[in-house]
Every structure is written in C-alpha cells, then in structure tokens.
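A.B. asks: Turn this into a model:
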Amino acid sequence: MPSDRSGELIDAFLDALWLEQGASDNTLAAYRRDLQAWATQLEAQGRTLCAPGGETLAAWFDARREAGYHLRSNARLLSSLRRFYRWALADGLVDHDPLVAVRLPRVRPSLPEHLQEDEVERLLAAPDVATDLGLRDRAMLEVLYGAGLRVTELVGLTTDALNLRQGVVRVRGKGDKDRLVPLGEEALDWLERYLRTARGALMHDTTRPALFPGRSDACLTRQAFWYRIKAYARMAGIDRPLSPHTLRHAFATHLLNHGANLRVVQLLLGHSDLSTTQIYTHVAQARLEALHADHHPRG
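C.D. replies: Have a look, this model is predicted:
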C-alpha cells in the first residue's frame with residue numbers, strides 16, 4: 001500500500017480531474033489503480049511520487065513486460081502517469097516532468113469488433129417480444145443500435161430523456177455532457193410498444209424515472225443487460241466474442257459504410273475529439289478492401 005502522503009497526492013489529483021473535466025467514476029478508479037501501483041513501486045525503492053527517477057519507471061516497465069503485460073497495457077499506464085505529472089508540474093509539486101524522456105514503442109490502434117448487418121438483425125430479433133422482459137430487451141437493443149449509445153448511457157436513461165414526438169433522446173455521456181441523438185423509426189416503434197404495454201407491467205411504481213427498469217424499479221444494471229445480450233447472441237448463432245461496445249461499433253461502422261460523414265458520426269457518438277472517431281474509418285476501409293478483393297475481376 002502507498003504511504004499516506006502518496007494517498008493524499010493521488011486524492012488531490014483525482015479531485016482536480018473530477019472538478020476540471022467531470023471524469024467518470026470508472027475513469028477515476030482506473031487512474032487511482034495506476035497511481036497506487038506506481039507509488040508502491042517507488043516506495044519499495046525508497047523514492048516518492050514527487051521524486052521518481054526515470055530509470056525506476058524503465059525498470060518497472062521491463063519487469064511488467066517479462067510478467068506478460070501487453071504493450072497496450074503499459075502504454076495506458078504511462079498515459080496515466082504523464083497526466084499526473086503534468087498536473088503536479090502545474091501545481092509546483094515537481095520542478096520538471098520526470099517522464100518527459102520516457103518512450104514506449106508505438107501502439108497500433110486495434111480495430112473494434114463489430115457485427116455484420118445480418119448479424120445485428122438476428123441479434124435484434126432474438127428476444128421473445130410476447131413477454132414483457134423480451135419486449136423491454138428488444139426496445140433496449142433497438143435503441144442501443146439505432147442511436148449508437150454506450151451501454152452505461154442506455155441503462156441510465158429516464159423517461160424524461162425521451163421525446164417521441166420529435167424522435168430524439170437526450171443522452172448524458174462522459175464528463176456529464178448532454179447530447180441529443182435521433183432515434184430511427186424501428187427504435188421509436190419498439191419504444192412505443194414497450195412503453196404502451198410492458199414497462200408498466202415490469203414496475204411496482206410507474207412514477208419512478210427509470211426507462212428500462214430492473215429490480216426494485218431502479219435502472220437495469222449494465223452487467224445485467226450485458227449478460228442478456230450475450231444470451232441473445234448465443235440464441236442468434238453469433239459465437240464470436242462480443243464487447244459491451246459491440247452494437248455501438250456496429251452503429252458507427254454501418255453509418256460510414258452507407259456514406260455518412262465522419263463529423264456527423266462523431267457528434268452522434270458524443271466523441272469530443274474527431275481523432276477518436278477516425279478509428280472507424282479503418283473499419284470501413286477494411287470492409288471496402290474486402291469487397292474489392294471479393295468482387296473485382298483483378299482483386
């Protein structure tokens with residue numbers, strides 16, 4: 001465990017991150033884990049967070065590589081430490097950035113897993129809409145794919161976030177930033193059916209705000225919904241691994257495949273930086289190359 005002094009510095013950094021950028025609980029927890037691990041390594045060498053020594057970090061990364069940690073994991077860790085030391089430098093806690101000369105091999109961005117359009121159709125059709133739970137799940141899947149939401153954004157939706165007349169949903173994304181996202185006709189149709197018949201049957205108190213309730217009229221948890229998605233994937237005959245972002249990735253990739261503008265996709269996904277969205281151009285490009293290879297006489 002890091003010392004009390006290290007713990008105080010980490011707390012102060014995370015407070016600043018939350019105040020300045022509205023970082024989510026998950027983001028803050030990830031930074032805390034990285035910084036606590038780093039502080040523990042330093043203290044074992046008789047060093048502190050404010051006097052780390054670049055050679056200590058290099059030795060630690062070498063040890064992590066030998067222990068089987070992937071390059072991507074080390075790159076994410078270095079990113080966390082860089083952010084901490086930029087904050088520490090700005091606050092006068094260090095007189096220079098001790099990691100300025102530390103470099104890792106460049107990590108090639110991995111292409112996100114996504115479903116083909118026929119696979120999405122099979123997944124959406126998997127819930128038994130003759131049941132209240134099945135109708136709820138069908139509506140959730142349609143909104144997840146139709147609006148490209150994060151799973152956490154979907155399960156956190158409340159009834160007042162919907163405007164069925166205008167066909168939009170208000171989504172609170174990362175950093176507590178709100179955005180309006182249009183819902184397609186299919187998603188709207190299933191939402192209306194669900195609200196008309198199933199939601200009231202699933203709740204003890206229909207005045208509670210959760211759009212998609214789980215137990216005790218509270219919002220369905222992310223973990224519970226993802227468990228159901230994996231079950232529906234098996235029913236649909238989709239046997240490759242899925243991630244919590246699979247339908248979000250499919251949403252973005254299918255839009256680009258059908259000619260959507262990258263800037264529009266960025267706005268719909270709620271990405272603050274266009275570079276985050278650009279990874280989907282690689283997915284679409286890979287799809288175009290595969291089509292060319294399959295169908296062109298000289299492919």
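
A.B. asks: For the rest of this, base every contact and every neighbour count on C-alpha atoms.
C.D. replies: Fine.

A.B. asks: From the rest of the structure, what touches stretch 231-243?
C.D. replies: The contact list for stretch 231-243 (CA atoms under 8 Å, 6 or more residues apart in numbering) reads 113, 119, 122, 123, 126, 127, 230.

A.B. asks: Apply 7 Å and report the result again.
C.D. replies: 122, 123, 126, 127 (CA atoms under 7 Å, 6 or more residues apart in numbering).

A.B. asks: would you say the first one is within a strand?
C.D. replies: No. With DSSP: H, G, I helix; E, B strand; the rest coil as the criterion, residue 122 is helix rather than part of a strand.

A.B. asks: Can you give me the neighbour number for it?
C.D. replies: 16 (other CA atoms under 10 Å).

A.B. asks: Ok, residue 138 next?
C.D. replies: When counting by other CA under 10 Å, one arrives at 23 neighbours for residue 138.

A.B. asks: give the contact list for it.
C.D. replies: Counting by CA under 7 Å, 6+ apart, residue 138 touches 124, 127, 129.

A.B. asks: Just the buried ones among these, please.
C.D. replies: 124, 127, 129 (16 or more other CA atoms under 10 Å).

A.B. asks: my guess is residue 248 contacts residue 146, does it?
C.D. replies: No. With contact defined as CA atoms under 7 Å, residue 248 does not reach residue 146; the gap is 8.9 Å.

A.B. asks: Tell me which of the two has more neighbours.
C.D. replies: Of the pair residue 248 and residue 146, residue 248 is the one with more neighbours under other CA under 10 Å, namely 24 against 21.

A.B. asks: pLDDT added to the buried ones among the contacts of residue 138, as CSV?
C.D. replies: Converted to CSV, the buried ones among the contacts of residue 138 look like this (pLDDT from 0 to 100):
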residue, pLDDT
124, 92
127, 96
129, 97
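
A.B. asks: Thank you, goodbye.
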